[in-house]
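[1] kindly generate the corresponding structure for this input.
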Amino acid sequence: MAHVVTQPCYDCKYTDCCVVCPVECFYQDDKMLYIDPNDCIDCEACVPECPVEAIYAEANVPAQWQSFIQLNAERSAALKGDGHITEKQEPKEGPECKKVSA
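    This next block holds a predicted model:
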């Protein structure tokens, strides 16, 4: 089982989660982050770091975001060449970003 980045990350890309990942399994495109399910060790280090609460264990992904399980697998594989991210970057807060209040 792996963790999955879901809808709240779309257009609201924070990279705090990438920094704490011990296996560096995060990938990005211009809209959001993705977790490679083949590399994720299910350590949950990324979950509390996400300010928009977008990361779930695969078994706990809400019903409305189930399609993100396959999307993470497909996009992380497609981004292997130049979409790998391991360091924190400036947040991307697009018009669809809904940051969770602390």
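[2] mind listing what's buried in stretch 32-42?
    Going by neighbour count (16 or more other CB atoms under 10 Å), the buried part of stretch 32-42 is 32-37, 40. Just so you know, the C-beta spots here come from the backbone N, C-alpha and C atoms, and that holds for glycine as well.
[3] quick one: average pLDDT of it?
    For stretch 32-42, mean pLDDT rounds to 97.
[4] ok, stretch 56-72 next?
    97.
[5] do me a favour and get the end-to-end distance for that stretch?
    Taking CA to CA, to the nearest Å, the span from the opening residue of stretch 56-72 to its closing residue is 12 Å.
[6] just to revisit the earlier point, so which of the buried residues of stretch 32-42 is the closest to residue 82?
    Ranked by distance to residue 82 (CB to CB), these are led by residue 34 at 13.5 Å.
[7] before we move on, the earlier item: adding distance to residue 85, write the buried residues of stretch 32-42 out as TSV.
    Shown next, in TSV, are those (distance: CB to CB, whole Å):
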residue	distance to residue 85
32	11
33	7
34	10
35	11
36	11
37	16
40	14
